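Q: what shape does this take:
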Amino acid sequence: MKTTQTSKRLLPVLVIGLIIPAAALAEENNRGKSPRMKPQHRAKILEELDIDGDGEVSQEEKKVAKKARREERRAKMLEKYDADGDGELSIDEKIKLREDMRATSEKRKEMREKMMEKFDADGDGKLSASERKAAREYRKNNKGEKKSPIGPPVN
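A: The predicted structure follows:
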């Protein structure tokens, strides 16, 4: 009986002991490589972000890219919401920005709920890999249409 209890306690430790090194090795082998990313997309990103041309994106290059994206978003926000053109958002302009952000957030929430209703074929409240694939395929095939990207349920 004592051996069984000891085995039950050691099994999770052994499993974790095997999983962590395997995950670390997989991460090391795939560093900077998304399994979903197509090679041509990876090449485009590398071309855009690899400032020094060494074939890899360093932490410094990531920081530069992040700062550029932040500045680009700020410029777009000012272009859209800075009604008086002074380069800063007034209280009223910030209120409008927040209202629009809330509306966008609500639309996304509704869209997620519709996705679940239409594509969660097994009704478990989550989209499985095959259910997500069906949803992506539907959106891909109906991209140019003006209707909602939510289609018929998966069978």
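Q: which stretches of this structure aren't confidently modelled?
A: For the chain, the stretches flagged by pLDDT under 70 are 1-35, 144-155.
Q: and with 50 instead?
A: Residues of the chain meeting the criterion pLDDT under 50: 1, 28-29, 147-149, 153-155.
Q: what segments of it are helices?
A: 2-29, 39-49, 59-81, 91-119, 129-141 (DSSP state H).
Q: redo the ones you listed as a markdown table? Include mean neighbour count.
A: Placement of C-beta: from N, CA and C, glycine included. As requested, the helices of the chain are exported to a markdown table (neighbours: other Cβ atoms under 10 Å):
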| stretch | mean neighbour count |
| --- | --- |
| helix 2-29 | 9 |
| helix 39-49 | 12 |
| helix 59-81 | 11 |
| helix 91-119 | 12 |
| helix 129-141 | 14 |
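Q: ok, now which ones touch the residue nearest to residue 46 when sequence neighbours are not counted?
A: Sequence neighbours aside, residue 57 is the residue nearest to residue 46 in space, at 6.6 Å (criterion: Cβ to Cβ, 6 or more residues apart in numbering). If a contact means Cβ atoms under 8 Å, 6 or more residues apart in numbering, then residue 57 has 32, 45, 46, 49, 50, 65 as its contacts.
Q: mind doing that once more with 10 Å?
A: Counting by Cβ atoms under 10 Å, 6 or more residues apart in numbering, residue 57 touches 32, 45, 46, 48, 49, 50, 51, 64, 65.
Q: lovely, talk soon.
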